[in-house]
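Visitor: For reference, the sequence and a predicted model appear below.
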Amino acid sequence: MNERIRELAEQCTYHYESSDGSGEYEIFDKEKFAELIVRECINCCDEVDRINEAFIQDYDYDPQNGPKECIQVIKEHFGVEE
């Protein structure tokens, strides 16, 4: 797991003191974690789209490459290997 995934998981983990004084417990919000990952993926694709738009205008870039680039950026962002 890469560092960014750990950071997102930490944002979704809530620590509480037990009411009987026996220690601490934590709750992990799976829905929030999924939402944060989806938002990160959207941001990656947004960035690729923004950059590609400039290349399309300036260098006659093929816009069909965008989805493949987006996939690659997401893999790199989260440290996913094939």
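Guide: Looks like it arrived, so ask away.

Visitor: Need the pLDDT of Lys32.
Guide: As predicted, Lys32 sits at a pLDDT of 96.

Visitor: Assumed it was part of a helix.
Guide: Yes - looking at Lys32 with DSSP: H, G, I helix; E, B strand; the rest coil, it is inside a helix.

Visitor: Around the closest residue to it other than its chain neighbours, how many other residues sit close by?
Guide: Closest residue to Lys32 apart from its sequence neighbours, by CB to CB, 6 or more residues apart in numbering: Cys12 at 4.6 Å. C-beta here means a position set from N, CA and C on the backbone, and glycine is covered the same way. For Cys12, the neighbour count with other CB atoms under 10 Å is 17.

Visitor: Cys12 and Phe33 touch, don't they?
Guide: Yes - when contacts are counted by CB atoms under 8 Å, Cys12 is listed as touching Phe33 (4.3 Å).

Visitor: For Thr13, which residues are in contact?
Guide: Shown in contact with Thr13 (CB atoms under 8 Å, 6 or more residues apart in numbering): Glu26, Ile27, Phe28, Asp29.

Visitor: which among those gets closest to Val80?
Guide: The shortest approach to Val80 among those belongs to Phe28, at 21.0 Å (CB to CB).

Visitor: Give me the pLDDT value at the closest one.
Guide: So, for Phe28, pLDDT stands at 96.

Visitor: right, and it touches His15 too?
Guide: No - taking contacts as CB under 8 Å, Phe28 lies outside contact range of His15: 10.6 Å.

Visitor: can you map out the strands along the chain?
Guide: Assigned strands in the chain, in chain order: 13-17, 24-28 (criterion: DSSP state E).

Visitor: low-scoring pLDDT stretches of the protein, where are they?
Guide: Low-confidence segments of the chain, defined by pLDDT under 70, are located at 1, 55-65, 82.

Visitor: Most distant residue from the centre of it?
Guide: Asp20 (37.2 Å; CA atoms, centre = their mean).

Visitor: Ramachandran angles for that residue?
Guide: Asp20 has phi and psi values of phi -90, psi 10 when expressed as degrees, to the nearest 10.
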